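Undergrad: need a structure here:
(one chain, ligands or ions: 1)
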Amino acid sequence: MAARIEKALETAEKYVQENKKTVAIAAGVTSAALLATYAYRRAKTAVPARGPYTVDTLPTDAYDAVIVGAGPSGAVCAYYLSRGAAKVALLEKESFPRDKYCGDAVCTPAIRILEDMGVLQELIANNEAHFADAGGFVSPSGTSYIGVSKKKLGQAACCAVKRINLDVRVAKNAARAGADLKENFEVSGATFDKATGLWTVTSVSGTVVRGRVLVCADGATSRLATKLGYCTEPPKGVCTRAFIEGGTHNTNFDGVCFYPRWSLPGYAAIFRHPNDELNFCYYLIPCGKDGYCGDVKESDLARLHNDAIKYDPFISKSIGPNAKIERMRAASLRLGGQGLKTSYDDHLLIIGDAAGHIDPYTGEGIHTAMMGGKAAAETILAMRQTGDFSARSTRQYESKWRALYGHDFWMSKAFAEVVYRCPILLDAVASEMQRKGDAMMAKWAEIMTNMQPKTYFLRPHVAIPLGIAVLREFIDQKILGTKKDNYQMLPKDK
Ligand SMILES: Cc1cc2nc3c(=O)[nH]c(=O)nc-3n(C[C@H](O)[C@H](O)[C@H](O)COP(=O)(O)OP(=O)(O)OC[C@H]3O[C@@H](n4cnc5c(N)ncnc54)[C@H](O)[C@@H]3O)c2cc1C
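TA: Have a look, this model is predicted:
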């Protein structure tokens, strides 16, 4: 082998010696092409040096940015803008504290932002965050693994915080940093005046706010982005939520995902809150035929949610017969940028759920909302320095969110399709967890909570063992028949 390599190197060396001129030309052309690509990218992403709207051109009654929606995306954006000394109006139709239907699982990138804002410390001090350790999943054939991940990861992969607690703290923190938080301000429309470079944002009661940049952060239905023509279709995903009273259930883990095969790639999840309370959610993820989430539709959601609590062999066992469960609530999921023509334009940015910044496989969007909100703030602060708020500058935001998390959306979408068509993949992962224990579970948790991108699955040290595990599972299930399907609904009590 060594001799063969030696020989190949010798041949290459000989070729270079004999074709010095050709090799020099090829090297020159390659370098020139690389340089041209670099220069083109720099030119495309560079913020122009000067624009007409310097800080002193802002009328005293106007804001540098008007943010519509004070959820995680809008409030984080407002916080970082205020910290950068920009003048911000944060408009919210509800008054805080307000509820938001959610699974409440806050992933690592969001935890880091909350810590930087000082909000995490407040949540911990008030016993409003539960950090996950014991967790795992139940695969479509009923193979399950529940282990602990904190020790292997050196930190909790996520924590659960009720949105009624999280959102008020983030929004009030933005206000403390200087943002002008206007509650009960339901925006009905916005118009842009090219001559002054200012937006006029109007509330349903007729109040008006003016600003240089409009930030749409009004959630998955994206009413404002739709009205302005940037969003062209309603969200296609949907999810339920029901809180379960502490001390009334049988759950002893912090977070488990259940993958009943009839609703793949969707899944159900139970997350533990402080005070032993639980959050039960059922996510339907768009996949396969248009209008469908695998083999089911939005109209199946209530049945799936209620049947799971009563008849699912794993979920009903975890919840138990005496659980006090809140009535089912549901809200939309706009995943992977679905329905958006763009996330930026002249003097305009669209962030969070309004831009469809939710992971297309997990349905998680708190962390992407916060990361996108921060990226939008950085972009606006840079534009404030240069005075150029045209699309040439606002597209910096798009480059930032793509680099942070958007680059992974295609892989998440592909993964959802694979899981829908080949559930054996999840069975193989669960079996592999049973074989390898918490090390494997921690790796999975890292990917599912966005500590690692989904493209991590493509790395050889992950892809090769996973391929072998799928092959092993296939042999066990389909050839030897040594593994039976354990995921059968319990008989209905009629
Ligand atoms: C049931 C369910 C479960 C989920 N589970 C998880 C999970 O476990 N983990 C996770 O990371 N993500 C989860 N998500 C996604 C997560 O909830 C969102 O990604 C996140 O809330 C996005 O934040 P946002 O600020 O962009 O939008 P939102 O949180 O929706 O905030 C938008 C804000 O805009 C306000 N608003 C709307 N219209 C107007 C208007 N006209 N004028 C003024 N204000 C307006 C709203 O009142 C709201 O406060 C779940 C979603 C659902 C539906």
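
Undergrad: what are the buried residues along the helix or strand where residue 301 lies?
TA: For residue 301, the host element (DSSP states H and E) is helix 301-311. Buried residues in helix 301-311, counted by 16 or more other C-beta atoms under 10 Å: 301, 304, 305, 307, 308, 309. Glycine gets a C-beta too; all of them are placed from N, C-alpha and C.

Undergrad: and the gap between the last one and the ligand?
TA: Per C-beta to the nearest ligand atom, to the nearest Å, residue 309 is found 15 Å from the ligand.

Undergrad: touching, that residue and residue 324? I think so.
TA: No. Look at residue 309 against residue 324 with C-beta atoms under 8 Å: they stay out of range, at 11.9 Å.

Undergrad: sticking with residue 317, tell me its helix or strand.
TA: Residue 317 belongs to helix 315-319, assigned by DSSP H and E.

Undergrad: export that helix to PDB, keeping only CA atoms.
TA: Provided in PDB are the C-alpha atoms of helix 315-319 (Å, rounded to 0.1, in the frame of the first residue of the first chain):
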ATOM      1  CA  ILE A 315     -48.300   8.600  25.900                       C
ATOM      2  CA  SER A 316     -51.400   7.500  27.900                       C
ATOM      3  CA  LYS A 317     -49.100   5.500  30.200                       C
ATOM      4  CA  SER A 318     -46.900   8.600  30.800                       C
ATOM      5  CA  ILE A 319     -49.900  10.800  31.400                       C
END
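
Undergrad: just the buried positions in it, please.
TA: Neighbour-count burial for helix 315-319 flags 315, 316, 318, 319 (criterion: 16+ other C-beta under 10 Å).

Undergrad: and the first one, what does it touch?
TA: Put plainly, it is residue 315. 258, 268, 270, 280, 308, 309 (C-beta atoms under 8 Å, 6 or more residues apart in numbering).

Undergrad: could you redo the last one with a cut-off of 7 Å?
TA: 258, 268, 308, 309 (C-beta atoms under 7 Å, 6 or more residues apart in numbering).

Undergrad: show me what the helix or strand containing residue 240 is packed up against.
TA: Using DSSP H and E, the element containing residue 240 is strand 237-244. Strand 237-244 makes packing contacts with strand 278-284, helix 301-311, strand 329-333 when contacts are defined by 3 or more C-beta pairs under 7 Å, 6 or more residues apart in numbering; DSSP states H and E.

Undergrad: could the ones you listed go into a markdown table alongside distance to residue 417 and mean pLDDT?
TA: Listed next are those as a markdown table, based on distance: least, C-beta to C-beta, whole Å; pLDDT from 0 to 100:
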| stretch | distance to residue 417 | mean pLDDT |
| --- | --- | --- |
| strand 278-284 | 15 | 98 |
| helix 301-311 | 20 | 97 |
| strand 329-333 | 17 | 98 |
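
Undergrad: in JSON lines: the ones you listed, plus distance to residue 292.
TA: Shown next, in JSON lines, are the helices and strands packed on strand 237-244 (distance: least, C-beta to C-beta, whole Å):
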{"stretch": "strand 278-284", "distance to residue 292": "9"}
{"stretch": "helix 301-311", "distance to residue 292": "12"}
{"stretch": "strand 329-333", "distance to residue 292": "14"}
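
Undergrad: just to revisit the earlier point, dump the helix holding residue 301 to CSV, restricted to CA.
TA: Output in CSV follows, covering the C-alpha atoms of helix 301-311 (Å, rounded to 0.1, in the frame of the first residue of the first chain):
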residue,chain,number,x,y,z
LEU,A,301,-55.3,17.2,14.8
ALA,A,302,-57.9,17.2,17.5
ARG,A,303,-58.5,13.5,17.1
LEU,A,304,-54.8,12.7,17.2
HIS,A,305,-54.3,14.8,20.3
ASN,A,306,-57.2,13.4,22.3
ASP,A,307,-56.7,9.8,21.1
ALA,A,308,-53.0,10.0,22.1
ILE,A,309,-53.9,11.0,25.7
LYS,A,310,-56.3,8.1,26.0
TYR,A,311,-55.2,5.3,23.8
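
Undergrad: quick one: it to strand 278-284, angle?
TA: 130 degrees (axes from the mean of the first three to the mean of the last three C-alpha atoms, to 10 degrees).

Undergrad: on contacts alone, who are the packing partners of helix 301-311?
TA: Helices and strands touching helix 301-311, by 3+ C-beta pairs under 7 Å, 6+ apart, are strand 237-244, strand 278-284, helix 315-319.
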